[in-house]
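**Student:** I need the structure of the sequence given here:
(chains A and B)
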There are 2 protein chains.
Amino acid sequence: MDRTEQTRATVRQYYDSLIERDWDAFVALLTEDVRYEMPQTSERITGKERYLRFNQEYPGDWQLSVTRLVADGSTAAASANFTVADERMVGVTFFELDGDLISRVTDFWPEPYEPPAGRDQLVERLPGEVDRFSAS
Amino acid sequence: MDRTEQTRATVRQYYDSLIERDWDAFVALLTEDVRYEMPQTSERITGKERYLRFNQEYPGDWQLSVTRLVADGSTAAASANFTVADERMVGVTFFELDGDLISRVTDFWPEPYEPPAGRDQLVERLPGEVDRFSAS
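**Tutor:** Down below sits the predicted model:
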């Protein structure tokens, strides 16, 4: 398996282990000093024990499904739909690997917003149909 | 050049043409029926003439620099830092190609927000240092 395919498999396992709450499998995919970064809040978590706890303790009975996975050598990007009770969110994540293990995870959580005026003539609006919970 | 490297080159050209406002080069990278989608507003623009106009007419003297580019066969993902006057934004974009041309662009614009309480013991906050304008 080449580097890209190994990365793709590792990122799939990352999401599978989260979906299954298989914390042993999850932590086995991470380097000791893995960095988890949330640029929108300027937050960083360092180390696999802390990152494990962050996920174990994350509030709510969240569910996720992966909608895209782009793998490229030792890097990858993915998007996933998350639900927590009635709330729906999209997570967009970049991964960096060190060897076979994930060394950096950068998570973006883009929120819905109202479009600015002035581009109506170019745009159609398709509530609920554009990607948010239907990415192909 | 294999498919992945062709995609990488095309996405680089896409950003270069935006940076340079080289609209002939920009439009030459797009399929006739290219779709540009903004999931956060459920907006879609269809067709290269409309998508060209959207970019030409976008208000403000925006500047961009690409911070990540992940290419994988006929798909890619990227992040870029944008500035418009004093405003700074991150754009995260997924690309799909049809042959050598870009057929779908999905743009996310994640905004800063305040982190929820209860995870302070796991997290350090590094204002301005976590990715937002320093992605390696």
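
**Student:** residue A:108 reaches residue B:93, doesn't it?
**Tutor:** No - look at residue A:108 against residue B:93 with Cβ atoms under 8 Å: they stay out of range, at 11.4 Å. Just so you know, the C-beta spots here come from the backbone N, C-alpha and C atoms, and that holds for glycine as well.

**Student:** list residues touching both of these two?
**Tutor:** Applying Cβ atoms under 8 Å, 6 or more residues apart in numbering or on different chains, one finds that residue A:108 and residue B:93 are jointly contacted by residue B:108.

**Student:** so residue A:78 sits against residue A:11, correct?
**Tutor:** Yes - the pair residue A:78 and residue A:11 passes the contact test of Cβ under 8 Å, sitting 6.2 Å apart.

**Student:** between these two, which contacts overlap?
**Tutor:** Contact criterion Cβ under 8 Å, 6+ apart; residues shared by residue A:78 and residue A:11: A:69, A:95.

**Student:** helices along chain A, start to end?
**Tutor:** Counting by DSSP state H, chain A forms helices over residues A:3-19, A:23-27, A:48-57, given from the N-terminal end onward.

**Student:** just the closest residue of chain A to chain B, please.
**Tutor:** Ranking the residues of chain A by distance to chain B (Cβ to the nearest Cβ) places residue A:77 first, at 3.4 Å.

**Student:** grab the nearest non-local neighbour of that residue.
**Tutor:** Nearest residue to residue A:77, sequence neighbours excluded (Cβ to Cβ, 6 or more residues apart in numbering or on different chains): residue B:77, at 3.4 Å.

**Student:** ok, residue A:85 - contacts?
**Tutor:** Contacts here follow Cβ under 8 Å, 6+ apart; on that basis residue A:85 touches A:60, A:61.

**Student:** re the thing from before, residue B:66 is nearest to which of the helices of chain A?
**Tutor:** The stretch from the helices of chain A with the least distance to residue B:66 (Cβ to Cβ) is helix A:3-19; that distance is 20.1 Å.

**Student:** follow-up on the earlier one: measure the residue nearest to residue A:77 to residue A:75 for me?
**Tutor:** 9 Å (Cβ to Cβ, to the nearest Å).

**Student:** more neighbours, those two?
**Tutor:** Neighbours per residue (other Cβ atoms under 10 Å in any protein chain shown) separate residue B:77 from residue A:75, with residue B:77 holding more: 28 against 22.

**Student:** just give me the neighbour total for the closest residue in space to residue A:47 that isn't next to it in sequence.
**Tutor:** Leaving out its chain neighbours, the residue that sits closest to residue A:47 by Cβ to Cβ, 6+ apart is residue A:33, at 6.0 Å. For residue A:33, the number of neighbouring residues by other Cβ under 10 Å comes to 11.

**Student:** follow-up on the earlier one: so what sits against both of residue B:77 and residue A:75?
**Tutor:** With contacts defined as Cβ under 8 Å, 6+ apart, the residues adjacent to both residue B:77 and residue A:75 are A:94, B:68, B:70.

**Student:** list the contacts for the last one?
**Tutor:** The one in question is residue B:70. With contact set as Cβ under 8 Å, 6+ apart, residue B:70 has these partners: A:70, A:71, A:72, A:75, A:76, A:77, A:94, B:76, B:77, B:78.

**Student:** excluding chain neighbours, what is closest to the second one?
**Tutor:** In space, residue A:71 comes closest to residue A:8 once its chain neighbours are excluded; the distance is 3.8 Å by Cβ to Cβ, 6+ apart.

**Student:** contacting residues around that neighbour?
**Tutor:** Applying Cβ under 8 Å, 6+ apart, the residues contacting residue A:8 are A:69, A:71, A:76.

**Student:** burial measure for the residue lying closest to the first one once chain neighbours are set aside, as a count.
**Tutor:** Just to be clear, that refers to residue A:69. If the residues on either side of it in the chain are set aside, residue A:69 comes closest to residue A:78, at 4.8 Å by Cβ to Cβ, 6+ apart. Around residue A:78 sit 23 other residues, with neighbours defined as other Cβ under 10 Å.
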